[in-house]
Structures are given as structure tokens and as C-alpha cells.
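**Student:** following is a predicted model, sequence given first.
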Amino acid sequence: MSTPTHWRCQVCGYEHDGDAPPDACPVCGVGPESFTAVDAAPPTVATGFTGHLLIIGSGIAGVSAAEAARKAAPDCRITLLGAEHLDPYQRINLTRYLAGAVARASLPIHPPAWYAEQRIDLQRARIEALDLTTRSARLSDGGIAHFDRLVLATGAAANLPPTCRRFLDVSCLG
């Protein structure tokens with residue numbers, strides 16, 4: 001019998017590759033007992049895809065889609081588009097940060113250099129219009145993003161109340 005090499009957090013859905021689950025989920029913080037072995041990660045982009053993948057949404061779902069796409073299609077062009085001016089961060093950990101349970105440094109999903117290393121073009125703009133016929137998105141900064149494939153990972157709109165902004169000092173995340 002072979003050792004599992006892929007694990008899924010049953011709390012938040014984070015997926016981990018390795019001979020054992022992680023000591024703690026990097027997304028929600030639960031221990032290894034909350035992970036179950038799965039046969040393989042479902043592909044999000046066909047293996048060998050070489051076109052342009054546009055991912056709208058830079059939360060955990062968007063970043064996870066970019067990670068999976070890079071793994072499945074190492075030669076594709078990936079653009080990760082987020083409306084926030086911050087680098088992608090662990091939204092679920094904001095409450096823990098405000099409570100003093102986690103450090104500010106644990107909020108970003110990846111360090112800023114990771115996106116360049118993975119050849120993921122991280123852009124900060126909002127989608128104004130989406131045209132599936134021409135496979136293009138009009139951005140709030142006036143630009144146009146063309147794509148061959150599209151992933152919508154928009155989730156919910158993040159809302160940081162003024163009180164949280166003061167405690168969080170969001171400028172430190174971006």
C-alpha cells in the first residue's frame with residue numbers, strides 16, 4: 001500500500017502535498033487531525049495548456065487556482081487580478097491577528113517575491129466589464145486583459161471597518 005501524497009483540510013479545503021499532513025493548516029490553523037488523504041488534486045487547468053489564464057480574485061481561492069494552474073501547466077501565462085491594493089492575505093486570520101493570536105507576518109499567503117518566482121502576474125485592478133465573446137476583461141485602470149481561459153474566484157467582498165483598519169494598519173500588508 002502506498003503512502004498518501006495529497007491531503008485536504010476538512011475545515012477550509014486547503015490542499016497539501018507530502019507524505020504526511022502539515023503540523024498546522026497555513027490557512028485556518030487546525031492541526032493534522034483535520035486533514036484527510038485524497039487520491040489526487042483535481043486539475044484546474046488541462047495539463048500542457050500554454051495559453052493565458054486570467055484569475056479574477058486574489059483571495060485564497062484565486063491564489064490556490066494559480067498554484068494549481070502553475071503545477072498543471074508550467075508554460076501557461078497566469079494573471080491573478082485582485083481589487084484590493086494589498087498582496088493576497090489570509091482573510092480568515094484577520095480576527096486572530098486583531099486578537100493577538102497570530103503575528104502580522106503570518107497574514108500574507110505568500111511573500112511578494114513568490115509571485116514573480118512562480119511567473120504569476122499579480123495585478124491590482126477591479127473588473128468593470130467581462131466580454132466572453134472576445135475573451136477580454138475591461139479593468140478599472142482602463143486596461144484590457146485578454147484571456148484564453150478564465151477562473152472566477154471572487155468570493156465575497158472584503159470589508160475592513162475603520163476600527164480594523166486602524167488596528168491592522170493595512171499599509172503594512174501591501
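**Tutor:** Done, it's in.
**Student:** okay, and the closest residue to Gln123 other than its chain neighbours sits in which element?
**Tutor:** Leaving out its chain neighbours, the residue that sits closest to Gln123 by C-beta to C-beta, 6 or more residues apart in numbering is Leu81, at 5.1 Å. All C-beta spots, glycine's among them, are computed from the backbone N, C-alpha and C. Using DSSP states H and E, Leu81 sits within strand 77-82.
**Student:** report the rounded mean pLDDT for that strand.
**Tutor:** Mean pLDDT, strand 77-82: 96.
**Student:** hmm, who's touching it?
**Tutor:** 51-59, 62-63, 66, 69-70, 88, 115, 118-125, 127, 137, 139, 145, 147 (C-beta atoms under 8 Å, 6 or more residues apart in numbering).
**Student:** which among these end up buried?
**Tutor:** Using 16 or more other C-beta atoms under 10 Å as the burial test, those include 52-59, 62-63, 66, 69-70, 88, 115, 118, 120, 122, 124-125, 127, 137, 139, 145, 147 as buried.
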